[in-house]
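Next input, structure requested:
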Amino acid sequence: MGTIKDLLGKLSAQKEKESVDQKPTADLARQIIAELPDGVIGYDQNFKVIVFNPAAEKIFNLPADGVIGQIITPETLRKPGWTALTQTIFPSLAPSISQISEADEWPQVTDLESTNPLLSLRMILIRLKPDASQTISFLKIVKDRTREKEILKSKSEFIGVAAHQLRTPITAVNWAFENLIGLLSEQKEMKDALGVAQEGHDVAQRSLKIINDLLDVSKMEGGRFGFNFAEAEINIFLKTIIDGLKTVADYYKINLCFEPTPAACAIFIDQQKLGMAISNLIDNAIRYNSKNGEVWVIAEKETDGPFISILIKDTGVGIPPSEINKLFTKFYRGSNVVRLEPNGNGLGLYITKNIIEQHGGEIDVESTIGRGTTFKIKLPIDKNLVPQKELFVENY
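Residues are numbered from 1 along each chain as shown. Below you'll find the predicted structure:
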């Protein structure tokens, strides 16, 4: 959205200058719009096109002199070569759309996929304040992300193929070490060899986890992770996860506590996938905690809508403030966490965030160095707020 800010900033500066020397802003505005690398479409309340810059001509393969002055309606969809432009003005006509901004937030940001021609567009709709002298009511900034999406898809497919090819031999190596450990554990004189075998098994296990995480990311980014939603009782769901992590908590000497909602609450989720996400957060809270520390898992209903929150609070090492915004990006690991545990692939929180968003939820984090971290997951109780189909995941 940098180009929009630049445009509005220049127009604002020119308007201030105009109050001094009374020079018009129209020529400057036209020049800026013409030079923008993103498409700009301006139209009035009747959807009559007033502005159609050179970048828009290139994106939609339509000449400005043939578009300006035209009134776009849903019927325009039938005109040869006008499908993508009509879908851009009326996104509900497109085969695939994703609302990025909140419904009542301006500017409105929407991602659109058009099939005729094949285009991936990000659209930013700006509503202009009413003015008796102006004819343009809306500006739509259109960024062509087709090539960007193709590159991401190719990269994701390559990772998927490579991970599939690696998983089979690593699984065989892991199985071989398990058998070797079983044989050596029965022979006391082979104690040193047993230690080597166990180290090899640990390395194979870590490698297998990396491969499986890469496969999960590849499926997510291709919208093929596969979600199976059903109603579940939140307290029973969380208690099952917590019980499964008691052994890990005991090993690290961490007190793992659970505070359920006072009353039973049904929620529409994929138990396996969401369980993976919450288990990852709790597991991190245990592993990166202080000695004899605590982890609390708290479930509570929100008072401002049909939502439930799950808080995962620890007394651990915390996250540096400068790194909070990077936390959910792919392959990122906190600098203090790397010192404590060098092994890791930085995919866990990326996968966790995307699973939660596929449930129509959101995740937030607060942290203080040396005092602990709180992750807050907010999920809809109303299943109508859960996305009806798997979304294409961005490369954060």
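
Got phi/psi on residue 71?
phi -100, psi 120 (degrees, to the nearest 10).

What is the burial count for the closest residue in space to it that isn't next to it in sequence?
Leaving aside its chain neighbours, residue 71 sits nearest to residue 48 (4.8 Å; criterion: C-beta to C-beta, 6 or more residues apart in numbering). Quick note: C-beta positions are derived from backbone N, CA and C, even for glycine. Residue 48 has 16 neighbours, counted by other C-beta atoms under 10 Å.

same check, this time on the one 4 residues further on
Residues contacting residue 52 under the criterion other C-beta under 10 Å number 25.

And residue 333, by the same measure?
Neighbour tally, residue 333, other C-beta under 10 Å: 19.

same deal with residue 216?
Quick note: residue 216 (other C-beta under 10 Å) scores 20 neighbours.

so where does it fall, helix or strand?
Element membership of residue 216 [criterion: DSSP states H and E] is helix 191-221.

how far out from the middle of the chain is that helix?
26 Å (C-alpha atoms, centre = their mean, to the nearest Å).

so who does residue 352 touch?
Residue 352 is in contact with 276-277, 280-281, 328, 363, counting by C-beta atoms under 8 Å, 6 or more residues apart in numbering.

the strands in the stretch 151-300 of the chain, which residues?
Taking DSSP state E, counting those that start in this stretch, the strands of the stretch 151-300 of the chain run over residues 230-233, 255-259, 266-269, 294-301.

one step back: check which helices and strands the helix holding residue 216 is in contact with.
Other helices and strands packing on helix 191-221, by 3 or more C-beta pairs under 8 Å, 6 or more residues apart in numbering; DSSP states H and E, are helix 146-184, helix 348-358.

which of those sits most buried?
Of these, the one with the most neighbours on average (mean count of other C-beta atoms under 10 Å) is helix 348-358, at a mean of 22.

could I have that helix exported to CSV, CA atoms only?
Written as CSV, here are the backbone C-alpha positions of helix 348-358 (Å, rounded to 0.1, in the frame of the first residue of the first chain):
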residue,chain,number,x,y,z
GLY,A,348,5.9,-24.4,14.2
LEU,A,349,4.4,-20.9,14.9
TYR,A,350,3.9,-20.3,11.1
ILE,A,351,1.9,-23.5,10.9
THR,A,352,0.1,-22.7,14.2
LYS,A,353,-1.0,-19.3,13.0
ASN,A,354,-2.3,-20.6,9.7
ILE,A,355,-4.3,-23.4,11.3
ILE,A,356,-6.0,-20.9,13.7
GLU,A,357,-6.8,-18.5,10.8
GLN,A,358,-8.3,-21.4,8.8
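
Quick check: what element follows it along the chain?
strand 362-368.

and that next one, what other elements does it pack with?
By 3+ C-beta pairs under 8 Å, 6+ apart, strand 362-368 packs against helix 348-358, strand 372-380.

Make JSON lines out of the ones you listed and add distance to residue 87.
JSON lines is the format used below for these (distance: least, C-beta to C-beta, whole Å):
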{"stretch": "helix 348-358", "distance to residue 87": "24"}
{"stretch": "strand 372-380", "distance to residue 87": "28"}
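
Near residue 107, how many other residues are there?
Around residue 107 there are 15 residues (other C-beta under 10 Å).

Let's verify the nearest residue to residue 281 once chain neighbours are set aside: helix, strand, or coil?
Take residue 281 and drop its neighbours on the chain: the residue closest to it by C-beta to C-beta, 6+ apart is residue 312, 4.8 Å away. Under DSSP: H, G, I helix; E, B strand; the rest coil, residue 312 falls in the strand class.

partners of residue 312 in the sheet?
residue 297, residue 375 (DSSP bridges).

now swap in residue 127 and tell me
Assigned bridge partners for residue 127, using DSSP bridges, are residue 138.

residue contacts, the residue nearest to residue 71?
If you count contacts by C-beta under 8 Å, 6+ apart, residue 48 has them with 69-72.

Same check on residue 351?
Residues near residue 351 by C-beta under 8 Å, 6+ apart: 213, 216-217, 220, 276-277, 280.

Report the buried members of the residues you listed.
213, 216-217, 220, 276-277, 280 (16 or more other C-beta atoms under 10 Å).

circling back: show me which of the contacts of residue 352 is closest to residue 144.
residue 328 (26.4 Å; C-beta to C-beta).

Measure how buried the closest one is and give me the count.
18.

element containing it?
Using DSSP H and E, no helix or strand contains residue 328.

Identify the residue spatially nearest to it, adjacent ones excluded.
residue 353 (4.3 Å).

again with residue 324
In space, residue 324 is closest to residue 365, 6.4 Å off (C-beta to C-beta, 6+ apart).

can you pull the contacts of that neighbour?
With C-beta under 8 Å, 6+ apart, residue 365 has these contacts: 319, 324, 327, 373-376.

try residue 295
249, 254-257, 282, 285-286, 289, 312-315.

Check residue 106 too.
125-127.

Return the closest of those with respect to residue 270.
Once C-beta to C-beta is applied, the member of these that ends up nearest residue 270 is residue 125, at 32.7 Å.

three-state assignment of that closest one?
Residue 125 ends up strand, using three-state DSSP.

Could you do residue 308 as well?
strand.

Return the per-residue confidence for the residue nearest to the spatial centre of the chain.
By C-alpha atoms, centre = their mean, the chain has its centre lying nearest to residue 354, at 5.0 Å. We have a pLDDT of 91 for residue 354.

Check residue 391 too.
Reported pLDDT for residue 391: 65.

Likewise for residue 247?
On pLDDT, residue 247 comes in at 91.

Please report the distance of it from residue 254.
Residue 247 is 11 Å from residue 254, where distance means C-beta to C-beta, to the nearest Å.

Give me the common contacts of these two.
Common neighbours of residue 247 and residue 254 (C-beta under 8 Å, 6+ apart) do not exist.

okay, the contacts of residue 351 in a markdown table with pLDDT next?
Shown next, in a markdown table, are the contacts of residue 351 (pLDDT from 0 to 100):
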| residue | pLDDT |
| --- | --- |
| 213 | 81 |
| 216 | 82 |
| 217 | 80 |
| 220 | 79 |
| 276 | 92 |
| 277 | 94 |
| 280 | 92 |
